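Asker: Quick one, structure for this:
(one chain, ligands or ions: 2)
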Amino acid sequence: MRIQRVRGIPDWLGADAARLRLLEEQGIGLARQYGYQEVVLPVLEPKELFVRSIGTHTDIVGKEMYCFEDRGGEAICLRPEGTAGAVRAFLQAGLHRGGTQRWCYVGPMFRRERPQKGRLRQFTQFGCECFGLASPAADVELLALAWRYLDALGVAARVRLLLNSLGCSVCRPPYRERLVAFLEARRERLCADCQARITRNPMRVLDCKNASCQAELQSAPHMLDMLCDACRAHFAEVRAGLEALGIAYRVDPKIVRGLDYYTRTAFEFVAEGLGAQATVLAGGRYDGLVKALGGPDVPAVGFAAGLERLALLLDEAPLAAPDAVVIALGEEMLAPSLKVAEALRREGFFVVHAGGGGAKRQFREADRQGARWAVIVGEDEWKRGLVRVKDLQTGTQHELDLEEACKLLRTD
Ligand code: ATP
Ligand code: MG
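Answerer: Ligands and ions are numbered 1, 2, ... in the order given. Sure thing, here's the model as predicted:
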């Protein structure tokens, strides 16, 4: 029996792989324009890192992490997200003693969720994290970067920015108390998951995807109505910044991140038509996390985008076809044809060598590749320092030296 892939962990081939690569490159390229430096961080981290940062009362740590004990007895996890590792690396490098740091990254994350369209067990995130800036200007710039990314991909018109504030250690505890009282009064009418969340992670109840829970929550108290003065001012400045930049948003008091280290700004970019997997990019401020992981008080704000979900919004892009396929006529011409292919590539062309053998098979290969030109290396021409260049669209052929061949390929 052939071995099958692990459930929820797809292979990305051909055009699908190209689309993911494009999403990565666009993200990193754009982030660099905003002063974000790429970092490459480990896929394996100590389990304790996620227990301390994400918390045991979350779905991620409670039931979705891939953990194992390595041969030395250390508890290791496949990272479920990128922020915790970024903070660990930031502290480990001693960077909390310096100024601001802006980081971006792209890479695989792992969560053992129920696989569905847009919900995978291995998925790719492009993320940005900004350390050391408490100003609302940092939130606005990060949102501008996220918005520009979606715009550059051509999906901005189909995506809506939802914005909220989660308050801080001053105003959230009294809010939380009120929310718990509200939820307790309706406990029986909430789903089993939400009932468990009331004491452990009450704000996450607001985010429940269950329609009957959402109906119960119509009159739930909102953090926005209970913000302290500092949080209220911060939120107002974020909104003013977005308006100044012409970035449309909607305030949505149900946007929560559910984790204690998230403070103030929280946001999601939600796409139409992706069902329960509609959030393509999410983030916010997490002023409490660096301290929670043993560092000093360092404010931070960040986001992560799910690239496989974004890919669902992009049109199928055809794979690029080679400029030319090189065909060797006869075994004697194999080595010269390989040299021709290399020479063309040095000139910047995308060239596939047809692999020698029968001429018929090689021409079929050129068709299959969708190449415009066949560069045919045959004994008679080669003796005179020439190759035959055939236009596969029109069938016309020319005997040319390499320099002339390059010129012809370039005219197209
Ligand atoms: P959701 O509510 O959809 O489960 P989340 O709050 O768990 O999302 P985050 O931890 O904020 O998601 O991750 C940021 C982004 O990563 C999400 O908005 C989504 O685009 C993507 N993402 C998260 N989990 C998955 C997954 N299992 N498969 C594919 N993409 C994912
Ligand atoms: Mg999730």
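
Asker: Next up, the contacts around residue 46.
Answerer: Contact analysis of residue 46 by C-beta atoms under 8 Å, 6 or more residues apart in numbering lists 74-77. Placement of C-beta: from N, CA and C, glycine included.

Asker: any weak-confidence spans in the chain?
Answerer: Regions of the chain meeting the criterion pLDDT under 70 cover residues 258-260, 412.

Asker: Need the contacts of residue 46 in TSV (columns: neighbour count and secondary structure).
Answerer: Below are the contacts of residue 46 laid out as TSV (neighbours: other C-beta atoms under 10 Å; DSSP: H, G, I helix; E, B strand; the rest coil):
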residue	neighbour count	secondary structure
74	12	coil
75	12	strand
76	15	strand
77	21	strand
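
Asker: Would you reformat the residues you listed as JSON lines and include distance to ligand 1?
Answerer: Listed next are these as JSON lines, based on distance: C-beta to the nearest ligand atom, whole Å:
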{"residue": "74", "distance to ligand 1": "25"}
{"residue": "75", "distance to ligand 1": "21"}
{"residue": "76", "distance to ligand 1": "20"}
{"residue": "77", "distance to ligand 1": "15"}
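
Asker: Just give me the closest of those to residue 44.
Answerer: Residue 44 lies nearest to residue 76 out of the contacts of residue 46, by C-beta to C-beta, at 5.2 Å.

Asker: I'd assumed residue 68 was in contact with the closest one.
Answerer: Yes. At 5.9 Å, residue 76 counts as touching residue 68 under the criterion of C-beta atoms under 8 Å.

Asker: residues in contact with residue 189?
Answerer: So residue 189 contacts 212, 216 (C-beta under 8 Å, 6+ apart).

Asker: again, but for residue 254
Answerer: 164, 206-207, 217.

Asker: Could you pick out the residues of the stretch 301-412 of the chain near ligand 1 for me?
Answerer: Applying C-beta under 6 Å from any ligand atom, one finds that the stretch 301-412 of the chain approaches ligand 1 through 304, 306, 308-309.

Asker: could you show me where the strands are in the stretch 151-300 of the chain, in order?
Answerer: All strands of the stretch 151-300 of the chain, identified by DSSP state E, counting those that start in this stretch, fall at 159-165, 250-251, 263-271, 279-285, 300-306.

Asker: can you check the stretch 1-150 of the chain too?
Answerer: Going by DSSP E, counting those that start in this stretch, the stretch 1-150 of the chain shows strands at 37-38, 44-46, 67-69, 75-78, 101-110, 122-131.

Asker: highest average neighbour count across those?
Answerer: strand 122-131 (a mean of 23; mean count of other C-beta atoms under 10 Å).

Asker: Can you give the strand pairings for that strand, parallel or anti for each?
Answerer: Using DSSP bridges, strand 122-131 pairs in its sheet with strand 101-110 (antiparallel), strand 300-306 (antiparallel).

Asker: gap between residue 200 and residue 111?
Answerer: With distances taken as C-beta to C-beta, to the nearest Å, residue 200 is found 19 Å from residue 111.

Asker: Those two: who's more crowded?
Answerer: Taking neighbours as other C-beta atoms under 10 Å, residue 200 and residue 111 compare with residue 111 leading, 20 against 13.

Asker: Residues in a beta bridge with residue 282, which ones?
Answerer: residue 268, residue 304.

Asker: who touches it in this structure?
Answerer: 257, 267-269, 303-304.

Asker: Same list (the strands of the stretch 151-300 of the chain) but as TSV, adding distance to residue 126.
Answerer: Output for the strands of the stretch 151-300 of the chain, formatted as TSV (distance: least, C-beta to C-beta, whole Å):
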stretch	distance to residue 126
strand 159-165	15
strand 250-251	24
strand 263-271	12
strand 279-285	9
strand 300-306	5
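
Asker: picking that back up, and the residues of the stretch 301-412 of the chain next to ligand 1, which two are the farthest apart?
Answerer: Top of the distance list for these (C-beta to C-beta): 304 and 308, 12.6 Å.

Asker: now, among the contacts of residue 46, which is nearest to residue 16?
Answerer: residue 77 (27.3 Å).

Asker: and that closest one, what is it in contact with?
Answerer: 44-47, 49-50, 65-67 are the contacts of residue 77 under C-beta under 8 Å, 6+ apart.

Asker: quick one: it and residue 27, what's the gap?
Answerer: Counting by C-beta to C-beta - residue 77 and residue 27 are separated by 24 Å.

Asker: Turn the strands paired with strand 122-131 into JSON lines, including distance to residue 147.
Answerer: Converted to JSON lines, the strands paired with strand 122-131 look like this (distance: least, C-beta to C-beta, whole Å):
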{"stretch": "strand 101-110", "distance to residue 147": "15"}
{"stretch": "strand 300-306", "distance to residue 147": "11"}
